[in-house]
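Asks: Give me a 3D structure for the following:
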Amino acid sequence: MELVSVSVGDAEYEVRCDGDHRSGAVLIIGSAGTAAEEYGDLCARLHNSGLRTITLPYRPGMDYKAALAAVDAAKAAWVHVAGHKEGAEVAWQFAARHFNRVSSLVVLGGGHPAAATAHAPASDTDCPAVEVGTTIIATDAAELTQAKASGPFVRGDLRIVSANANGGNDASAIVATEVVLRSNPW
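Replies: Numbering: from 1, shown residues only. As a prediction, the model looks like this:
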């Protein structure tokens, strides 16, 4: 494992890189209050599938520029992106603005930032649509509604998975499966 420090403006991020440098890479953008080490099970599953991981812990105020800096620091030409909860919004923003660096997008617990529902307004109406294969994992009815509202903002294959992932290994297994499905050139 390698720890890389990344500076974006006044913010400093510690990025955890692991796995074979010759493999395809997955950028994991975590949720608020979750340390990079807590994604160890997900990373292990992805490593077993032949993928390298770049884990970026979420911090309030983080945006897609931090994700780009993490990918650059890890010397990855392109990545599959996985976002969790608050990190999902950053993942959407990064995939929408840097589609030339993103192969696929998998998010758990968050729809496209420009998607609005009757119970949740859009959090970023200026976020462009993504142009890569995308999987949204919804763990409750509100997330499923937001996932369905995200359809117009995905200009590629969209897969919506309804799952009961209460954190832990269940969530790791579901996210890893979806990333591996997206990473294979079937």
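Asks: can you pull the buried residues of the lengthiest helix in the chain?
Replies: Using DSSP state H, we find that the single longest helix of the chain is helix 168-183. Residues 171, 172, 174, 175, 176, 177, 178, 179, 180, 182, 183 are the ones in helix 168-183 that count as buried (16 or more other CB atoms under 10 Å). From N, CA and C alone the C-beta is placed, and that goes for glycine too.
Asks: three-state assignment of the most far-flung residue of the chain relative to its centre?
Replies: In the chain, residue 118 marks the outermost C-alpha relative to the chain mean, sitting 24.9 Å out by CA atoms, centre = their mean. Using DSSP: H, G, I helix; E, B strand; the rest coil, the structure places residue 118 in coil.
Asks: Could you tell me which ranges of this protein sit under the pLDDT cut-off?
Replies: 165-169, 186 (pLDDT under 70).
Asks: Quick one: the helices in it, in order.
Replies: Under DSSP H, the chain gives helices at 40-48, 64-73, 86-97, 141-149, 168-183.
Asks: Sort out which residues of the first one are buried, please.
Replies: Counting neighbours by 16+ other CB under 10 Å, one finds that the buried residues in helix 40-48 are 40, 42, 43, 45, 46, 47.
Asks: Dump the residues you listed into a markdown table; add distance to residue 58 as well.
Replies: Compiled in a markdown table, these are given as follows (distance: CB to CB, whole Å):
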| residue | distance to residue 58 |
| --- | --- |
| 40 | 16 |
| 42 | 14 |
| 43 | 16 |
| 45 | 20 |
| 46 | 18 |
| 47 | 22 |
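Asks: where's the closest residue to residue 173 other than its chain neighbours relative to residue 25, distance?
Replies: By the measure of CB to CB, 6 or more residues apart in numbering, the closest residue to residue 173 outside its immediate chain neighbours is residue 45, 6.9 Å from it. Separation of residue 45 from residue 25 (CB to CB, to the nearest Å) stands at 15 Å.
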